[in-house]
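Peer 1: Here's my sequence, what's the structure:
(2 chains)
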Amino acid sequence: NAGVMQNPRHLVRRRGQEARLRCSPMKGHSHVYWYRQLPEEGLKFMVYLQKENIIDESGMPKERFSAEFPKEGPSILRIQQVVRGDSAAYFCASSPPLGQGSTDTQYFGPGTRLTVL
Amino acid sequence: KQEVTQIPAALSVPEGENLVLNCSFTDSAIYNLQWFRQDPGKGLTSLLLIQSSQREQTSGRLNASLDKSSGRSTLYIAASQPGDSATYLCAVHGGIQGAQKLVFGQGTRLTINP
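Peer 2: This is a model prediction of the structure:
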């Protein structure tokens, strides 16, 4: 069973461009979480999604950031008009649906390191 | 608002020593607590998860304890090895099952010297 996959692993963008980060959860997992780790800071929750639904987006910046988890395909974290302050490591985690194993443990991907020039 | 604090921020010890990492949280109404390891430039590896009804969990040389009433958890590492060098993160799950965002501490950067 492959783990959580994220791509790209490294992404370089210039200010004003768009960044798209992809996350494929573990097989059988329908819950996806995105976290951001700014340089020298801890991980901060951004958004929690289930298939086709955003459950909790309390950690998402109000502007420029959006996330989706379509019925088919990976979850996408999209950052429009990137600024230097968006440079960070973005981690995705997944967990199984309720009743099919513990939803308590979140399994993390290797992260996407975004650098904004 | 839940806040998680880890002390110390960094720790350097000689190989073979036993050590304790500390984690405290402000809201005792947690669902469970999880310890992770993060190597430089890498993702997170789950080490131990303690349910709110449990007092401790063990895995090999690692033992994690939980005292909900005082808002504290400790991670005990026995007979430390250079390969244990990493950043250790404590995270709490709060709230209703199914809305399980993790709140992380800043981490303890551990260095084991050969």
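
Peer 1: How many residues are close by residue 54?
Peer 2: Using chain A here. A:Ile54: 14 surrounding residues under other Cβ atoms under 10 Å in any protein chain shown. Bear in mind the C-beta positions are built from the backbone N, C-alpha and C, glycine included.

Peer 1: my bad, the chain I had in mind was chain B
Peer 2: When neighbours are counted by other Cβ under 10 Å, B:Gln54 registers 14.

Peer 1: cool, and B:Glu15?
Peer 2: Neighbours of B:Glu15 (other Cβ under 10 Å): 14.

Peer 1: And the one 3 residues further on, by the same measure?
Peer 2: By the criterion of other Cβ under 10 Å, B:Asn18 has 11 neighbours.

Peer 1: Can you tell me how far B:Ala29 is from chain A?
Peer 2: Per Cβ to the nearest Cβ, to the nearest Å, B:Ala29 is found 16 Å from chain A.

Peer 1: What score does that residue have for pLDDT?
Peer 2: pLDDT recorded at B:Ala29 is 83.

Peer 1: can you give me the strands for chain A?
Peer 2: A:5-7, A:10-13, A:19-24, A:31-37, A:43-50, A:53-56, A:65-68, A:75-79, A:88-95, A:107-108, A:112-116 (DSSP state E).

Peer 1: I'd like those laid out as a markdown table, including mean pLDDT.
Peer 2: Shown next, in a markdown table, are the strands of chain A (pLDDT from 0 to 100):
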| stretch | mean pLDDT |
| --- | --- |
| strand A:5-7 | 96 |
| strand A:10-13 | 98 |
| strand A:19-24 | 98 |
| strand A:31-37 | 95 |
| strand A:43-50 | 94 |
| strand A:53-56 | 91 |
| strand A:65-68 | 97 |
| strand A:75-79 | 98 |
| strand A:88-95 | 94 |
| strand A:107-108 | 90 |
| strand A:112-116 | 97 |
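
Peer 1: Need those strands in a markdown table (columns: distance to chain B).
Peer 2: Converted to a markdown table, those look like this (distance: least, Cβ to the nearest Cβ, whole Å):
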| stretch | distance to chain B |
| --- | --- |
| strand A:5-7 | 8 |
| strand A:10-13 | 10 |
| strand A:19-24 | 12 |
| strand A:31-37 | 7 |
| strand A:43-50 | 4 |
| strand A:53-56 | 6 |
| strand A:65-68 | 13 |
| strand A:75-79 | 15 |
| strand A:88-95 | 6 |
| strand A:107-108 | 4 |
| strand A:112-116 | 8 |
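
Peer 1: would you list every one of the strands in chain B?
Peer 2: B:4-7, B:10-14, B:19-25, B:30-38, B:44-51, B:56-59, B:62-67, B:72-77, B:86-94, B:102-104, B:108-113.
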